[in-house]
Structure formats: C-alpha cells, structure tokens
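**Q** Test case, fold it:
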Amino acid sequence: MKKQFPLLLMGILTVIILFLASLSTGSLLIPLNTVWSALFGSHSSDHELIISSVRLPRTLIALVVGAGMAVAGVCMQALTRNPLASPELLGINQGAALAVVISLFLLPGSALWVSHAFAFMGAALAAGFILLLSSVGGKRLTPLKVVVAGTAVSLMLGSTTQGVLLLNERSIDEMRFWLAGSVAGKGLPQLLQGMPFIAIGMIGALLLGKRMNALQLGEDMAVGIGMRLESTKRLLFVLIILLSASCVTIAGPIAFLGFAVPHIVRGLSGPDYRWIVLHSSLLGAALLLLADVTSKVIIHPGEVPVGIMTIFMGAPFFIYLARRKEWKLG
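**A** Numbering: from 1, shown residues only. Okay, here's the model as predicted:
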C-alpha cells in the first residue's frame with residue numbers, strides 16, 4: 001500500500017507533462033506559455049486557436065484511448081489468466097475494425113453511432129468465435145489454446161479487412177491512416193460519442209478489481225470463496241467489448257498498449273488488480289501521449305500514424321518477454 005500512492009502521483013504528473021508536450025508539438029512548435037494561455041486564458045491569437053480547436057481534441061483522444069486500451073488489456077488478461085492475452089493480439093480489435101470498415105463500405109456517410117454499433121458487434125463476434133474455437137471438444141480453456149485461436153482469427157479478420165478495402169479504392173484512401181491507428185484529424189464529436197462507453201468500462205473494471213484477484217487463484221478456489229464465477233466472466237467480457245470497440249471506433253486498432261501496460265504495471269505495483277486497473281489507465285494514457293508526441297517530431301514537420309509508433313515502442317518489450325523462461329500474472 002505504501003508504494004501505491006507514490007506510483008499514483010508519479011503517473012498523474014507524467015500524464016500532465018506529456019499532455020502539455022502533446023499540445024506544444026506538431027508541424028508548428030508552440031511555446032508552453034502559449035499553451036497555458038490557450039487552456040486557461042483567451043483564444044485570441046492564431047496559436048491559441050490551433051491549440052483549442054485542433055490539438056486539444058487530439059490530445060484528449062490520445063489520453064482517453066490510451067487509458068481505455070490499457071484497461072481492456074488488464075481485463076482480458078485477468079479473464080483468461082493468460083499473460084499473452086490482449087484485445088489487439090487476440091483478434092477483438094481486428095473484429096471491431098473489420099465491422100467499422102464494412103459499415104463505411106455499405107453505409108457511406110452514416111452517423112458516427114452506426115460505426116460504434118458495428119464495432120461493438122464486430123468485437124463481440126470476434127471474441128465469441130475465439131472462445132468457441134478455444135473450447136472445441138468441451139475441454140477447459142488454456143492459455144495456449146486462446147493464443148492459437150486468437151492468432152488465427154486475427155489473421156483471418158485482417159485479411160478480410162484488406163479484401164473489403166480492395167473492393168472500393170476510395171475506402172483505401174480514407175481508411176488506411178485510420179487502420180494504422182491514428183488520433184490525428186479527430187474532433188470532440190468522436191470523443192464524446194465513445195467517452196461514455198469507455199468511462200463505463202473503466203469504472204466497471206475498478207469495481208471488479210477484487211473479483212479479478214479471486215480469478216487468479218483458479219476457478220475452483222474462486223468458487224470456494226464465494227465468487228459468482230460465470231457472472232464475473234460475463235461482466236469482464238462485456239467490459240472488454242465496451243472498451244475495445246469504443247477505442248477502435250475513435251482511433252483505429254492501436255497495438256501494444258493492451259498487451260504491454262498490464263505487464264509493466266504488475267512489475268511495479270504488484271498483483272492486486274484493484275491497483276493494476278488504476279495504474280494501467282495512467283500508464284496507458286502516458287504511453288499513447290508519448291507515442292503521439294514522438295510521431296509528430298520524428299519526421300518533423302511531417303508525422304507518422306501513432307499506431308506505428310506504438311509498434312516500434314512495443315518491439316523491444318516483445319523481445320524481452322520472448323526471452324523470459326516463465327510467463328505468469330503475479
């Protein structure tokens with residue numbers, strides 16, 4: 001308990017620093033005093049208008065999506081008791097992305113809520129298909145089965161998405177930046193459409209922290225201490241879909257965060273999921289803000305999609321985990 005509050009304070013300060021850095025960077029570098037004036041003063045100058053109308057929505061999206069994807073990864077790993085599990089690795093993000101692409105192909109120009117509805121259905125169908133494949137024959141789920149099934153479904157959905165895009169060349173131009181994972185070119189309407197679902201998912205994850213702790217003891221032990229196992233699994237399943245589908249609809253299928261953030265947080269704060277959820281939300285927000293800042297300065301004055309930056313950031317972590325001899329959640 002003693003180390004949790006310093007970690008929490010450090011996470012909050014890191015998010016604030018990166019939040020201001022994100023507002024300051026772009027094709028035009030803006031001094032921090034102008035950023036501060038745009039946030040809490042007038043919006044009279046051109047720089048202040050750029051910050052308030054363009055960069056602030058983008059930065060808020062990076063903060064919210066980063067936190068949401070990280071918490072989705074926490075819930076996924078807790079549900080499956082599998083340290084390899086995450087929405088982006090097991091096809092759930094790809095299912096949501098494919099559904100959004102199909103909605104834009106069949107219903108061009110439709111309202112944003114239509115994309116959200118398709119994303120929820122796509123994420124749910126992908127997750128259900130993975131669980132079905134993993135439990136063929138009536139045997140209990142194992143980490144290896146879930147990973148193999150998730151990888152197969154992820155590849156299949158990714159190929160199908162590319163096939164749908166090839167049917168409409170206009171869709172390729174509109175969607176390729178989004179499919180790489182991007183927080184650019186988005187406004188407050190996109191954020192406000194998905195924010196309620198992300199907020200519900202994150203609050204629900206915090207409330208289920210104690211149950212996630214019990215799940216790590218094993219199903220028999222969890223039932224033995226009085227936990228309602230099936231209802232807990234269903235609730236976690238719903239939270240994963242809410243978080244993943246909302247984040248994908250807003251920013252595309254951004255990789256790395258849902259997989260790596262829970263690993264990093266468990267190493268820092270310990271195995272208590274009540275704290276893992278809280279710290280992961282801050283670290284996920286910080287990492288996506290950092291990726292966004294890096295994407296804007298690495299080829300300045302141009303930029304690369306933030307999803308590509310998260311992959312570059314995640315590659316060394318994947319190599320580190322691959323060299324470990326043991327995989328565990330505690």
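
**Q** so what's F129 closest to, chain neighbours aside?
**A** Distance criterion C-beta to C-beta, 6 or more residues apart in numbering; nearest residue to F129, sequence neighbours excluded, is V153 at 5.8 Å. Just so you know, the C-beta spots here come from the backbone N, C-alpha and C atoms, and that holds for glycine as well.

**Q** residues contacting that neighbour?
**A** 90-91, 94-95, 126, 129-130, 133 (C-beta atoms under 8 Å, 6 or more residues apart in numbering).

**Q** State the phi and psi torsions of G185.
**A** Dihedral angles of G185 (phi, psi; degrees, to the nearest 10) stand at phi 70, psi 10.

**Q** re earlier: with the contacts of V153 in mind, which one is nearest to L13?
**A** Proximity of the contacts of V153 to L13 (C-beta to C-beta) peaks at L90, which lies at 32.9 Å.

**Q** And the closest one, what's its pLDDT?
**A** L90 carries a pLDDT value of 73.

**Q** per-residue confidence at the residue nearest to F129?
**A** 87.

**Q** what helix or strand does it sit in?
**A** Applying DSSP states H and E as the criterion places V153 in helix 143-166.

**Q** in that helix, what counts as buried?
**A** 143, 145-147, 149-150, 153-154, 156-158, 161, 164-165 (16 or more other C-beta atoms under 10 Å).

**Q** need the helices for the stretch 51-200 of the chain, in chain order.
**A** 56-80, 92-106, 112-134, 143-166, 169-179, 188-207 (DSSP state H, counting those that start in this stretch).

**Q** ok so, going back, out of the buried residues of helix 143-166, which comes closest to E303?
**A** L165 (22.4 Å).

**Q** Now do the closest one against L278, distance only.
**A** 38 Å (C-beta to C-beta, to the nearest Å).

**Q** For the residue lying closest to G73 once chain neighbours are set aside, give me its contacts.
**A** Closest residue in space to G73, ignoring its immediate chain neighbours: G258 at 2.9 Å, by C-beta to C-beta, 6+ apart. Taking C-beta under 8 Å, 6+ apart, we find G258 in contact with 69-70, 72-73, 76, 86-89, 93, 244.

**Q** So which of the residues you listed sits lowest on pLDDT?
**A** Minimum pLDDT across the contacts of G258 falls on L89, with 72.

**Q** Walking through the stretch 201-330 of the chain, point out its strands one by one.
**A** Taking DSSP state E, counting those that start in this stretch as the test, none of the stretch 201-330 of the chain falls into strands.

**Q** okay, and for it, where does confidence drop off?
**A** 322, 324-330 (pLDDT under 70).

**Q** Count residues in the vicinity of N213, would you?
**A** Counted with other C-beta atoms under 10 Å, residues neighbouring N213 total 17.

**Q** That one is in contact with G270, isn't it?
**A** No. Counting by C-beta atoms under 8 Å, G270 is not a contact partner of N213; they are 10.8 Å apart.

**Q** could I get the buried residues of helix 143-166 as JSON lines with distance to F40?
**A** Converted to JSON lines, the buried residues of helix 143-166 look like this (distance: C-beta to C-beta, whole Å):
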{"residue": "P143", "distance to F40": "49"}
{"residue": "K145", "distance to F40": "53"}
{"residue": "V146", "distance to F40": "48"}
{"residue": "V147", "distance to F40": "48"}
{"residue": "A149", "distance to F40": "50"}
{"residue": "G150", "distance to F40": "45"}
{"residue": "V153", "distance to F40": "47"}
{"residue": "S154", "distance to F40": "44"}
{"residue": "M156", "distance to F40": "49"}
{"residue": "L157", "distance to F40": "44"}
{"residue": "G158", "distance to F40": "44"}
{"residue": "T161", "distance to F40": "42"}
{"residue": "V164", "distance to F40": "45"}
{"residue": "L165", "distance to F40": "43"}
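
**Q** Alright, calling it a day.
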